[in-house]
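**Q** Below are the sequence and a predicted model for it; my questions follow.
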Amino acid sequence: MNNEINIFINNNPALFWYIPKDKKSGISKNLLLESVLNYGTLQDCLKIIKLLGYNESYKVLKNAKGRKKGNYYPEIYNFFNLYLKEHAQGNPR
């Protein structure tokens with residue numbers, strides 16, 4: 001993870017309360033995006049998407065299958081799937 005993402009994680013401890021402090025720097029992109037999209041504010045969501053990048057965020061969301069996809073609230077998954085699909089480069093408009 002880059003330093004800006006680590007700062008975001010440390011500035012939003014309520015989103016990652018269940019992860020031990022010494023493990024927070026090793027959060028996967030999958031868990032990071034899932035936690036923020038499901039439980040963060042819209043500003044948090046837009047910030048983490050900006051930090052990860054639209055293309056990477058879209059890739060992480062689209063690659064969520066089975067249980068991982070089921071961890072997203074359906075309305076959250078649908079909204080951000082449409083949003084990221086529209087904004088990620090290389091996707092038809």
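**A** On my side now, so go ahead.

**Q** show me where this structure has helices.
**A** 3-11, 29-39, 42-52, 54-62, 66-70, 74-87 (DSSP state H).

**Q** which residues sit against the lowest-mean-pLDDT helix or strand in the chain?
**A** When each helix and strand of the chain is scored by mean pLDDT, DSSP states H and E, helix 66-70 comes last, with a mean of 84. Contact partners of helix 66-70, identified using CB atoms under 8 Å, 6 or more residues apart in numbering, comprise Asn30, Glu34, Tyr77. Bear in mind the C-beta positions are built from the backbone N, C-alpha and C, glycine included.

**Q** Can you report how many residues lie near the nearest residue to the first one once chain neighbours are set aside?
**A** Taking CB to CB, 6 or more residues apart in numbering as the measure, Asn30 lies nearest to Val60, with 5.8 Å between them; neighbours along the chain are not counted. Using other CB atoms under 10 Å, Val60 is surrounded by 20 other residues.

**Q** before we move on, back to that, between the contacts of helix 66-70, which has the most around it?
**A** Glu34 (21 neighbours).

**Q** quick one on the thing from earlier: where among the helices of the chain is the average confidence lowest?
**A** Across these, helix 66-70 has the smallest mean pLDDT, namely a mean of 84.

**Q** Surely Tyr54 and Lys85 touch.
**A** No - counting by CB atoms under 8 Å, Tyr54 does not reach Lys85; the two are 9.7 Å apart.

**Q** CA atoms only: put stretch 73-85 into PDB for me.
**A** This file holds the C-alpha atoms of stretch 73-85, laid out as PDB (Å, rounded to 0.1, in the frame of the first residue of the first chain):
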ATOM      1  CA  TYR A  73     -24.500  -4.600   0.000                       C
ATOM      2  CA  PRO A  74     -26.300  -5.200  -3.300                       C
ATOM      3  CA  GLU A  75     -27.200  -1.500  -3.700                       C
ATOM      4  CA  ILE A  76     -23.700  -0.400  -3.000                       C
ATOM      5  CA  TYR A  77     -22.200  -3.000  -5.400                       C
ATOM      6  CA  ASN A  78     -24.700  -1.900  -8.100                       C
ATOM      7  CA  PHE A  79     -24.100   1.800  -7.700                       C
ATOM      8  CA  PHE A  80     -20.300   1.700  -7.600                       C
ATOM      9  CA  ASN A  81     -20.200  -0.900 -10.400                       C
ATOM     10  CA  LEU A  82     -22.100   1.600 -12.600                       C
ATOM     11  CA  TYR A  83     -20.100   4.600 -11.400                       C
ATOM     12  CA  LEU A  84     -16.700   2.900 -11.900                       C
ATOM     13  CA  LYS A  85     -17.700   1.400 -15.200                       C
END
